[in-house]
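Visitor: When you get a sec, could you give me coordinates for this:
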Amino acid sequence: MNKNILHTDIHLKGLIGQLPEPWRSYALLARLDRPVGTWLLLLPGVWGLFLAPNASLTTRLIDTALFAFGSLVMRSAGCVVNDIWDRDIDAKVSRTAGRPLASGALSLKQALQLLAFLLTCGLCVLLCLPKICWALAPLALLLVALYPAAKRVTWWPQLVMGFTFGFGAPMGYAAAAQKIDLNGCLLYLAVIIWQLGFDTIYGFQDMEDDARIGVRSTSRLMEKKARPFIMVCYVLMITLLAITAIHAKLHLFFWPFFITASALLLSQASKVNPYDAPKSLSQFRQNVPIGFLIACAFILGRL
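Guide: Sure thing, here's the model as predicted:
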């Protein structure tokens, strides 16, 4: 029996479910019902903000607030772009068939209007950040625009997602350090590999539908060796973060939180089941509290 049948990650409970149309559909298109993606975009930015040397605590806190709002609007913008690209594919996949564009609840024109609003909000946040972030922003936008095409040309769209969603790490580091150096690059690489791992877990939900309609994914590619692949991703990520912390000379308080997060990641990798869609979604979501633990490690390691 296909465990993906009737499986969806859309949430209509709470405030979002009570909104009248078309506002409910706008909220669903922006993924406001699922804040997990916003956290997974924000947290690497926080890691970067507190890994960077010399910045004052006030600067870090102000930038964290800016990154929080920026992560919300840019994650939503990325989701709109993704759904515009994938509206025909989404209609053929059980988990995504209820999305506003795939279901016809919103038109392409309405989606483009929402995208313009979100990008304007993102620009306002960017103008509040140091000019080095202005220079990095076009690359971030290019990644957001091209990511949805990756599944059409490569078996590694989850890796492209890592480059895209992980861009908050170098942006955060640059905002606080006013530069990009080896530590910022090591952090970005660690985040890319982490996100490759957990997005591959996320993609296990759609393997049967993806195979049926011919969509490529790292999840399908690694289906038969899921656990060792995720384990390698997480071990590499942990190793790179440890090297980064040592090179940056972070305080000893970094290590208890980091070791705890590492243990949780390795435990998650050992229990991966690519044929259990609800479990894959649950494990994907576990990366938010794990990311919080690593954020605590960087905060205490720099204070």
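
Visitor: Which residues are in contact with Leu19?
Guide: Residues in contact with Leu19 (Cβ atoms under 8 Å, 6 or more residues apart in numbering) are Ala27. Glycine gets a C-beta too; all of them are placed from N, C-alpha and C.

Visitor: What does the pLDDT read for it?
Guide: At Leu19 the predicted local confidence, pLDDT, stands at 88.

Visitor: Show me the shaky parts of the protein.
Guide: Per-residue confidence of the chain (counting by pLDDT under 70) places the weak regions at 1-12.

Visitor: Show me how far the helix or strand hosting Ala150 is from its chain's centre.
Guide: When secondary structure is defined by DSSP states H and E, Ala150 falls within helix 150-153. Counting by Cα atoms, centre = their mean, to the nearest Å, helix 150-153 is centred 18 Å from the centre of its parent chain.

Visitor: Could you check that helix and say which residues are buried?
Guide: Residues of helix 150-153 classed as buried: 150-151 (neighbour count, 16 or more other Cβ atoms under 10 Å).

Visitor: burial measure for Ser56, as a count.
Guide: One way to gauge burial is a neighbour count; for Ser56, by other Cβ atoms under 10 Å, it gives 9.

Visitor: and it, how far is that from Gly197?
Guide: Plainly put, Ser56 is 34 Å away from Gly197 if you go by Cβ to Cβ, to the nearest Å.

Visitor: got a list of contacts for the helix or strand just after the helix holding Ala150?
Guide: Beyond helix 150-153 in the direction of the C-terminus, DSSP H and E gives the next helix or strand as helix 157-165. Contact with helix 157-165 is made by 37, 40-41, 44, 78, 140, 143-144, 146-147, 150-151, 154, 191-196, 199-200, 203, 216-219, as judged by Cβ under 8 Å, 6+ apart.

Visitor: try it again with 6 Å
Guide: Under the contact criterion Cβ atoms under 6 Å, 6 or more residues apart in numbering, helix 157-165 has outside partners 41, 143-144, 147, 150-151, 192, 195-196, 199-200, 217-218.

Visitor: the strands in the stretch 51-200 of the chain, which residues?
Guide: With DSSP state E, counting those that start in this stretch as the definition, the stretch 51-200 of the chain shows no strands.

Visitor: Can you show me the CA trace of stretch 78-89 as CSV?
Guide: The C-alpha trace of stretch 78-89 is given here as CSV (Å, rounded to 0.1, in the frame of the first residue of the first chain):
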residue,chain,number,x,y,z
GLY,A,78,11.0,31.3,-2.6
CYS,A,79,7.9,29.2,-2.1
VAL,A,80,5.9,31.3,-4.5
VAL,A,81,8.6,31.0,-7.1
ASN,A,82,8.8,27.3,-6.6
ASP,A,83,5.0,26.9,-6.9
ILE,A,84,4.9,29.0,-10.1
TRP,A,85,7.6,26.7,-11.6
ASP,A,86,6.0,23.5,-10.4
ARG,A,87,2.2,24.2,-10.6
ASP,A,88,1.7,21.5,-13.2
ILE,A,89,3.9,19.0,-11.4
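
Visitor: Show me how far it is from its chain's centre.
Guide: For stretch 78-89, the gap between its own C-alpha mean and the chain's C-alpha mean amounts to 16 Å (Cα atoms, centre = their mean).

Visitor: tell me which residues of it are tucked away?
Guide: Of the residues in stretch 78-89, those scored as buried under the neighbour-count criterion (16+ other Cβ under 10 Å) are 78-83, 85-87, 89.

Visitor: now, which of those lie within helices?
Guide: In helices, defined here by DSSP state H, the members of the buried residues of stretch 78-89 are 78-83, 85-87, 89.

Visitor: thinking again about what came up before, now the contacts of helix 157-165 in TSV, with distance to Ser280?
Guide: Supplementary listing: the contacts of helix 157-165 in TSV, determined by distance: Cβ to Cβ, whole Å:
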residue	distance to Ser280
Leu41	20
Leu143	24
Val144	24
Tyr147	20
Ala150	20
Lys151	17
Ile192	20
Gln195	15
Leu196	15
Asp199	11
Thr200	9
Ser217	12
Thr218	13
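
Visitor: Which members of those residues are positioned in helices?
Guide: The subset of these located in helices under the criterion DSSP H comprises 41, 143-144, 150-151, 192, 195-196, 199-200, 218.

Visitor: out of these, who has the most neighbours?
Guide: Thr200 (30 neighbours).

Visitor: Who are the contact partners of Ile180?
Guide: By Cβ under 6 Å, 6+ apart, the contact set of Ile180 is 170, 174.

Visitor: Return the backbone torsion pair for it.
Guide: As for Ile180, its main-chain torsions (degrees, to the nearest 10) stand at phi -120, psi 120.
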